[in-house]
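**Student:** Sequence and predicted structure are below.
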Amino acid sequence: MRKLVKTRLIAIALLTATLMAAAPAFAEQKLAVVDLQRVLLSTKAGKAAKLKFETLQKKKRKALKRRDGQLKQQEKALMAERRTIEETLRSKGAKAATSELQQRAQIFQQKVQTFQKEVMLFQQTQQSALKELAKQEGELLRPIEDQIKKHIDAIAKAKGYTLVLSRVAVIFAASSVDITDEVTKRMNGK
């Protein structure tokens, strides 16, 4: 236990010495932060991309919802048919299972198997739609993000920033180092 405490104390002392030695280098650094999400949602291009994506999303959702409704109706019909077959069996008894009733049961079984395949296909379609939407969102945002990065680079060079951090990764930053509004203005051509 003492060895562990001694090792930790040595590590802390080394870390402190390293930070003190590096302090002059940190003092020379000029930092800024930018809220990329706010820039994206505040720009004309970002708003247009968001609207286009939401339109695509609604279209996909509507088609999937329609198909989901059809499958639910199919399921209800199958459940009703199953109840009918079971009631017929109960009323006539297991011994009186006619070839007609057996044939209905076989047809019903085939319908159930077909329905299960359709449900699996629908689930695959849902997954495919999600992947396609994610891809389309990336394609819509990539050019805007590239523009944002160019503006950040230009601001950083002009103002001598050596490091620009995303606001998401920063716990605290003084408003004087936040360049979000400036990036937004440049993105909007102001």
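**Tutor:** Arrived safely.

**Student:** so how far is stretch 152-163 off the chain centroid?
**Tutor:** In terms of Cα atoms, centre = their mean, to the nearest Å, the centre of stretch 152-163 is found 31 Å from the chain centre.

**Student:** can you list contacts of it?
**Tutor:** Judged by Cβ atoms under 8 Å, 6 or more residues apart in numbering, the contacts made with stretch 152-163 from elsewhere in the structure are 28-32, 34, 164, 179, 182-183, 186. (Each C-beta comes from the backbone N, C-alpha and C, glycine too.)

**Student:** Greatest separation within those residues: which pair is it?
**Tutor:** Farthest apart among the contacts of stretch 152-163 by Cβ to Cβ are E28 and R186. That separation is 26.5 Å.

**Student:** Give the rounded mean pLDDT of the helix or strand that contains K76.
**Tutor:** Using DSSP states H and E, the secondary-structure element containing K76 is helix 44-92. Helix 44-92 shows a mean pLDDT of 91.

**Student:** Remind me what that helix packs against, helices and strands.
**Tutor:** Using 3 or more Cβ pairs under 8 Å, 6 or more residues apart in numbering; DSSP states H and E as the contact criterion, the secondary-structure elements in contact with helix 44-92 are helix 36-42, helix 99-159, helix 180-187.

**Student:** What residues sit buried inside the first one?
**Tutor:** Meaning helix 36-42. Buried residues in helix 36-42, counted by 16 or more other Cβ atoms under 10 Å: 36, 38-40, 42.

**Student:** one step back: which one of E28 and R186 is surrounded by more residues?
**Tutor:** With neighbours defined as other Cβ atoms under 10 Å, E28 and R186 compare such that R186 has more, 19 against 8.
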